[in-house]
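Novice: sequence and predicted structure, then a few things I'm wondering about:
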Amino acid sequence: MPEALLKAIPQRLRKSIIGMCLLLFCTTKGLAAVDICDRPDVSSHAFFGALAGNKAKLDDGLGEVEQEDYSVDLGYQFENDWSLGVGHRYTIFRFGPIEPQTNGHVHTLFVPVHRVKHSEGKSFRLSVAPALSASSNVVKDAGEYDADAMQLLAAALWRRALNDTTGLSYGVCGDHRFGSYRIYPLLSFNWQPRPDWTIKLGFPTASLSYQATRRLNSSLRFGPNGNEWYVKDKTLRNASQFIHESYLLEWALDWQAYKRFVITAGIGWQFHNRYELTLFDGSRVRLSSDSFTRVGASLAWRF
């Protein structure tokens, strides 16, 4: 790894990556947000991932923020048309010196169900995922759950081949990738000018991928990367919503290490960072931070 790139990796993350490589556990896929809309994995698979970045300055000189994301996904495909899974997103926000109404450890647990129907030159996918999204102190005590911690994510997507090299995808989705819950359209134009190149232009994500060899694939991807959590302070008496919204431009390199195992390394730029949260003193604030660099690694196993 070039020395300049190594120095760009936070020391804490460097240690984490070394540990993950040794254990082959706890690694990341692309964007860290919960995604059942754009490119969910509907195959039988296991996935582990981690993604972290440098510290970024908050606006108005209020301090700094640092973010880490950890992902675990399990999925099982049966009868070709159906897929059932479970996923967990664990995000750590470290704010300083401001003191939010949460310790910054937030979780999203979701159970996606996918139904895919194929016909000649086209397909349809319906996805639904109930989710629990809350801070660690709420997750540890079931008696602290509230309706505000529950989410229902859903997507309906049609794909149609226009010819041998182009295709069109369109549909509708509802989730928290833009921070607060939104229902929005999905639209993308897919073009494969050569067998080793694939271009996807659309909303809310766009990507460019290059299949360098049979085992090596490189990709560049852009899209929203946010979520919303129900949080409580350490006394468990004060509750609020913590909302994060951002965009991530990420380059990733996938290596098929052995048959069904894929190892991914990536580096990205996260920008347009916005945080809506309640401080420990009860005041509600909306903050933004500078853009920052993020790096990560992942391990996927298909079975």
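Specialist: Good, I have the coordinates.

Novice: next one: phi and psi at Gly61?
Specialist: With angles defined as degrees, to the nearest 10, Gly61 sits at phi 60, psi 30.

Novice: what's the spacing between it and Phe280?
Specialist: In this structure, Gly61 and Phe280 are 19 Å apart, going by Cβ to Cβ, to the nearest Å. (Glycine included, C-beta is placed from N, CA and C.)

Novice: more neighbours, those two?
Specialist: More crowded of Gly61 and Phe280, by other Cβ atoms under 10 Å: Phe280, with 13 against 6.

Novice: that one touches Val231, doesn't it?
Specialist: No - in terms of Cβ atoms under 8 Å, Phe280 does not count as a neighbour of Val231; the distance is 11.5 Å.

Novice: show me the common contact partners of the two, please.
Specialist: 100-101 (Cβ atoms under 8 Å, 6 or more residues apart in numbering).

Novice: helices and strands of the chain: which one has the lowest mean pLDDT?
Specialist: helix 11-23 (a mean of 38; mean pLDDT, DSSP states H and E).

Novice: got the confidence number for the residue nearest to Ser123 when sequence neighbours are not counted?
Specialist: The shortest distance from Ser123 to any residue that is not its chain neighbour, by Cβ to Cβ, 6 or more residues apart in numbering, is 4.8 Å, and that residue is Arg159. For Arg159, the model assigns a pLDDT of 95.

Novice: wasn't Arg159 part of a helix?
Specialist: No - per DSSP: H, G, I helix; E, B strand; the rest coil, Arg159 lies outside any helix segment and is strand.

Novice: so it bridges to which residues?
Specialist: Partner residues in beta bridges with Arg159, using DSSP bridges, are Ser123, Ser169.

Novice: CA atoms of stretch 279-295 as CSV?
Specialist: C-alpha atoms of stretch 279-295 as CSV (Å, rounded to 0.1, in the frame of the first residue of the first chain):
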residue,chain,number,x,y,z
LEU,A,279,-28.0,17.9,23.1
PHE,A,280,-27.7,16.8,26.7
ASP,A,281,-29.2,20.1,27.9
GLY,A,282,-32.3,19.4,25.8
SER,A,283,-31.7,21.9,23.0
ARG,A,284,-32.4,20.7,19.5
VAL,A,285,-29.6,21.5,16.9
ARG,A,286,-28.9,21.0,13.3
LEU,A,287,-25.2,20.8,12.5
SER,A,288,-23.0,20.1,9.5
SER,A,289,-19.3,19.0,9.2
ASP,A,290,-16.5,19.1,6.7
SER,A,291,-16.1,16.3,4.2
PHE,A,292,-13.7,13.6,5.1
THR,A,293,-12.0,10.5,3.7
ARG,A,294,-13.2,7.0,4.6
VAL,A,295,-11.6,3.6,4.1
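
Novice: could you pull out the buried residues of that stretch?
Specialist: For stretch 279-295, the buried set under the neighbour-count rule, 16 or more other Cβ atoms under 10 Å, comprises 287, 289, 291-295.

Novice: Thr188 pairs with what?
Specialist: No, residue 188 isn't Thr; it's Ser. Per DSSP bridges, the residues bridged to Ser188 are Ser169, Gly202.

Novice: tell me who's in contact with it.
Specialist: 168-170, 200-203, 205-206.

Novice: again, only this time at 6 Å
Specialist: The neighbourhood of Ser188, defined by Cβ atoms under 6 Å, 6 or more residues apart in numbering, consists of 169, 200, 202.

Novice: what's the answer for Arg89, then?
Specialist: When contacts are counted by Cβ under 6 Å, 6+ apart, Arg89 is found next to 34, 71, 108.

Novice: of these, closest to Asp41?
Specialist: For Asp41, the nearest member of these is Ser71. The distance, counting by Cβ to Cβ, is 11.5 Å.

Novice: that closest one should be in a strand, yeah?
Specialist: Yes - counting by three-state DSSP, one finds Ser71 located in a strand.

Novice: my guess is it contacts Gly49, does it?
Specialist: Yes - assessed by Cβ atoms under 6 Å, Ser71 is found in contact with Gly49 at 4.1 Å.

Novice: where exactly do the helices run in the protein?
Specialist: 3-8, 11-23, 136-139 (DSSP state H).

Novice: how about the contacts made by Asp41?
Specialist: Neighbouring residues of Asp41 by Cβ under 6 Å, 6+ apart: Gly75.
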